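[1] Got a sequence here, can you build the structure:
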Amino acid sequence: MSTGKALHLAFGVFGNATGLFLFLSPAVTFKRIVAKKSTQQFSGIPYVMTLLNCLLAAWYGLPFISKNNFLVSAINGTGAVIESVYVLIFLIYAAKKEKGKIAGLLLCILAIFATIALVSVLAFTSMARRQLLCGFAATVFSIIMYASPLSVMRMVIKTKSVEYMPFLLSLFVFLCGTSWFIYGLIGNDKFLYIPNGFGCVLGAMQLILYAIYRNNKGDDAKKPASPTEGSLEMGVAIAIANGKPHHQNQPTYFPNDNPNY
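    Reported below is the predicted structural model:
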């Protein structure tokens, strides 16, 4: 195995490991939902949208869409399963109105994925065109996802406090984005290195903010009245509004639900 291929594999494996941590980080939230038998103030939108992103990225990594991207399909296929479990739990315990909204959104994102997948297979015989269509779709959602923590970064600057931006999640966003950025560069895949380069920069910005404000108690007058009001939002992170955390020391967001895309 050449050095380039070995590095490509190594960064892909590391990206899978950090990505799995990010996918599993909302488990604390769903443990609480199951225990309380209620979704309370949590939003299900991030998990439905992340499911779409995982499906698109997993499809993109398949060998008849793009070459040498099995690891991309592996982590995003795993992520799709995990996100499906989150969505199912949310549908079981959500209030009737919220349940209807999430179910409708779920059908919509499945229709979007099915359309892109079918068009890529049935309308294009060229692998290059398939890769272009699927890669572009996945990249758009990936960039939106990576941009999702901007709301909490704005809050950190405003309040001069990092209490709603957990260090470990910020660190893993950076590590994951960096891993897949390098993986994309080595594989010369612009649909991987462009969005993940963006994620790498945003992850670094979060860490810089953490270093600046980590010992600062912040401006209490500017802080939200409760952790639920100050929770990180995924935006449709994938404009996704994030599930509201119940304690500042628990994972408050899934900063990049699709860790390699």
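[2] where exactly do the helices run in the stretch 101-250 of the chain?
    Along the stretch 101-250 of the chain, the stretches classed as helices by DSSP state H, counting those that start in this stretch are 127-147, 150-159, 167-186, 190-213.
[3] what sits against the closest residue to Met127 other than its chain neighbours?
    Take Met127 and drop its neighbours on the chain: the residue closest to it by C-beta to C-beta, 6 or more residues apart in numbering is Phe64, 6.9 Å away. All C-beta spots, glycine's among them, are computed from the backbone N, C-alpha and C. For Phe64, the contacting residues are 121, 127, 130, by C-beta atoms under 8 Å, 6 or more residues apart in numbering.
[4] re the thing from before, could the helices of the stretch 101-250 of the chain go into a markdown table alongside mean neighbour count, distance to Leu9 and mean pLDDT?
    Converted to a markdown table, the helices of the stretch 101-250 of the chain look like this (neighbours: other C-beta atoms under 10 Å; distance: least, C-beta to C-beta, whole Å; pLDDT from 0 to 100):
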| stretch | mean neighbour count | distance to Leu9 | mean pLDDT |
| --- | --- | --- | --- |
| helix 127-147 | 20 | 20 | 88 |
| helix 150-159 | 18 | 32 | 84 |
| helix 167-186 | 22 | 9 | 90 |
| helix 190-213 | 20 | 14 | 91 |
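[5] still on that earlier bit, closest to Lys160 among the contacts of Phe64?
    For those, the minimum distance to Lys160 (C-beta to C-beta) is 48.1 Å, reached by Arg130.
[6] my read: the closest one touches Leu118, true?
    No: look at Arg130 against Leu118 with C-beta atoms under 8 Å: they stay out of range, at 11.5 Å.
[7] quick one: low-confidence ranges for the protein?
    Scanning the chain for pLDDT under 70 picks out the ranges 1, 148-149, 217-261.
[8] let's see 50
    Applying pLDDT under 50 to the chain flags the ranges 221, 224-257.
[9] how deep is Pro63 tucked in, by neighbour count?
    When neighbours are counted by other C-beta atoms under 10 Å, Pro63 registers 11.
[10] meant to ask about Lys31
    12.
[11] gap between it and Ile89?
    Relative to Ile89, Lys31 is positioned 10 Å away (C-beta to C-beta, to the nearest Å).
[12] And for Lys97?
    Lys97 is 18 Å from Ile89, by C-beta to C-beta.
[13] Who are the packing partners of the helix or strand Gly4 falls within?
    Gly4 is part of helix 3-24, with elements assigned from DSSP states H and E. In this structure, helix 3-24 packs against helix 70-93, helix 167-186, with contacts taken as 3 or more C-beta pairs under 8 Å, 6 or more residues apart in numbering; DSSP states H and E.
[14] can you redo the ones you listed as JSON lines with distance to Ala114?
    Below are the helices and strands packed on helix 3-24 laid out as JSON lines (distance: least, C-beta to C-beta, whole Å):
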{"stretch": "helix 70-93", "distance to Ala114": "14"}
{"stretch": "helix 167-186", "distance to Ala114": "26"}
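[15] who wins for proximity to Ser2 among the helices of the stretch 101-250 of the chain?
    Closest approach to Ser2 among the helices of the stretch 101-250 of the chain is made by helix 167-186 (10.7 Å; C-beta to C-beta).
[16] now for that closest one, which elements pack on it?
    Judged by 3+ C-beta pairs under 8 Å, 6+ apart, helix 167-186 is in contact with helix 3-24, helix 190-213.
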